[in-house]
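>>> no sequence on hand, only this structure:
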């Protein structure tokens, strides 16, 4: 367990980190009189400033949305960080060396932080090097063409930090060794791999995207295959698990999207790096993507944190998929997860099976925005996709669709939502010939029975279930 930061160091952070300077990095402040500064609140949309900062007291307060606190809580809220993360971020800004209370792990907290600092710095230098290669080297022409064919110019590449990894076996390694990093550090970081005879660059001859954590630090890379003779056949190669990179704990683009996710209470989850780029450039600035793994519970926790719904579930999470097969698989898997989260989850499927990057190429920025706007509830998508596999024009097909869908709806834990979808299922499938009078009630009763819930309404003959 990591040691606790000493109280005197926390107090020193509050004293040294001037709230007007820190807030001023995010908000344009102007004199409001009486020793106060004001600006437009970063936590909600407003046209006239109601966000006030009082440097003498070290506090901020918004009279519009009631957010308030000290410099630490501001950094927590604005960058969606934990208390410890905010302290460490501020310590780096003011140049304070934090001390940790000793625990059973002895000096482990300090050592872990020092290791993280070194690995993050190695990634920062690597990202700069890759970006320089993409912008200026003749070898990187193939990478620039790849981006250009997908509608991304140099400004877009710079905005997202896209780079190019040279084909040479240890070009990056030599560059980082000159910067003072050891082979052990580079292998631990996942930037270099240990070969049979010597270490070599993990990413070679590929287009690379830096992956940032919530604090904005580069912790890994995603690399796209460019050459047919690439010895690694996988289209995308990602950083392996390292002390600072856990693929289930990161979302590509989260550093760019987190503020707008918190502000708009909406997140859009896409499938790839270029999809994130296309969405942001099209004005969908809440787009993120997983990094070489399926969306899971840890990713959901990140989004809940950004949506500020730890205790109550609010906002929208919209998934885009390349086609119905992938969408159905992801949707059905969601029934096994946190269904309160699923209840606020939506799916956006392009009618032509295009991903956001392809849609932007064919229909421009408006096409991407329209794709996201056409979302529908994930529950509905999963059920409709399932029953559409059957021929609903004949009795046998309707019976099989019903048998398949009822157990799925029965797994919805919210009774009111479950009953609503049972009613809708009865309408989607349609009643069998001569059984239309009590059809809706019968379907609701079957769903309740499958869920193990007594159907008092059906047993008592009190009429239809509420839609």
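That came through fine. Being a predicted model, the structure only gives us computed values, none of them experimental.

>>> assign residue 234 to helix, strand or coil.
Using DSSP: H, G, I helix; E, B strand; the rest coil as the criterion, the local structure at residue 234 reads coil.

>>> so it sits against residue 224, correct?
No. The pair residue 234 and residue 224 fails to qualify as a contact (Cβ atoms under 8 Å) at a distance of 9.9 Å. For the C-beta atoms, the positions are set from N, CA and C on the backbone; glycine is no exception.

>>> who's more crowded, these two?
Comparing residue 234 with residue 224 by other Cβ atoms under 10 Å, the one with more neighbours is residue 224, at 19 against 11.

>>> what sits closest to residue 422 if chain neighbours are left out?
residue 447 (4.0 Å; Cβ to Cβ, 6 or more residues apart in numbering).

>>> contacts only, for the one you found.
406, 409-410, 418-419, 421-422, 425 (Cβ atoms under 8 Å, 6 or more residues apart in numbering).

>>> any idea of the mean pLDDT for stretch 160-171?
Stretch 160-171 shows a mean pLDDT of 95.

>>> buried ones in it?
Counting neighbours by 16 or more other Cβ atoms under 10 Å, one finds that the buried residues in stretch 160-171 are 160-166, 170-171.

>>> and the end-to-end length of it?
Terminal residues of stretch 160-171 are spaced 23 Å apart (Cα to Cα, to the nearest Å).

>>> who's in contact with it?
Taking Cβ under 8 Å, 6+ apart as the criterion, the residues outside stretch 160-171 that touch it are 127, 129-134, 137, 139-140, 143, 147, 152, 156, 172, 192, 198-201, 203-210, 218, 223, 227, 256, 273, 276-277, 280.

>>> any idea how far residue 155 is from residue 285?
As for residue 155, its distance to residue 285 is 16 Å (criterion: Cβ to Cβ, to the nearest Å).

>>> who's more crowded, those two?
Neighbour totals were compared for residue 155 and residue 285, and residue 285 leads with 17 against 8 (other Cβ under 10 Å).

>>> grab the nearest non-local neighbour of that one.
residue 260 (4.6 Å).

>>> doesn't residue 284 make contact with the one you found?
No. With contacts counted by Cβ under 8 Å, residue 260 stays clear of residue 284, the gap being 9.3 Å.

>>> between the two, tell me which one has more neighbours.
Counted by other Cβ under 10 Å, residue 260 and residue 284 do not tie: residue 284 has more neighbours, with 25 against 17.

>>> is it true that that one touches residue 370?
No. Contact criterion Cβ under 8 Å: residue 284 and residue 370 do not qualify, at 10.5 Å.

>>> any low-confidence regions in the stretch 51-200 of the chain?
102-111 (pLDDT under 70).

>>> any idea where the strands of it begin and end?
For the stretch 51-200 of the chain, the strands defined by DSSP state E, counting those that start in this stretch cover 51-54, 59-62, 68-69, 163-165, 192-194, 199-201.

>>> quick one: the helices in the stretch 101-250 of the chain?
Assigned by DSSP state H, counting those that start in this stretch, the helices in the stretch 101-250 of the chain fall at 108-136, 141-149, 154-160, 171-178, 183-189.

>>> any chance of the ones you listed in a markdown table, plus distance to residue 360?
Formatted as a markdown table, the helices of the stretch 101-250 of the chain follow (distance: least, Cβ to Cβ, whole Å):
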| stretch | distance to residue 360 |
| --- | --- |
| helix 108-136 | 21 |
| helix 141-149 | 12 |
| helix 154-160 | 11 |
| helix 171-178 | 31 |
| helix 183-189 | 33 |
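
>>> can you say which of the ones you listed is nearest to residue 443?
Of all these, helix 154-160 sits nearest to residue 443, with 48.5 Å by Cβ to Cβ.

>>> next one: the closest one to chain centre, how far?
Centroid separation for helix 154-160 versus its chain: 20 Å, with Cα atoms, centre = their mean, to the nearest Å.

>>> mind listing what's buried along that helix?
Using 16+ other Cβ under 10 Å as the test for burial, helix 154-160 gives 156-157, 160.

>>> nearest to residue 94, of those?
residue 160 (29.4 Å).

>>> the residue nearest to residue 422 and residue 345, how far apart?
From residue 447 to residue 345 the distance is 21 Å (Cβ to Cβ).
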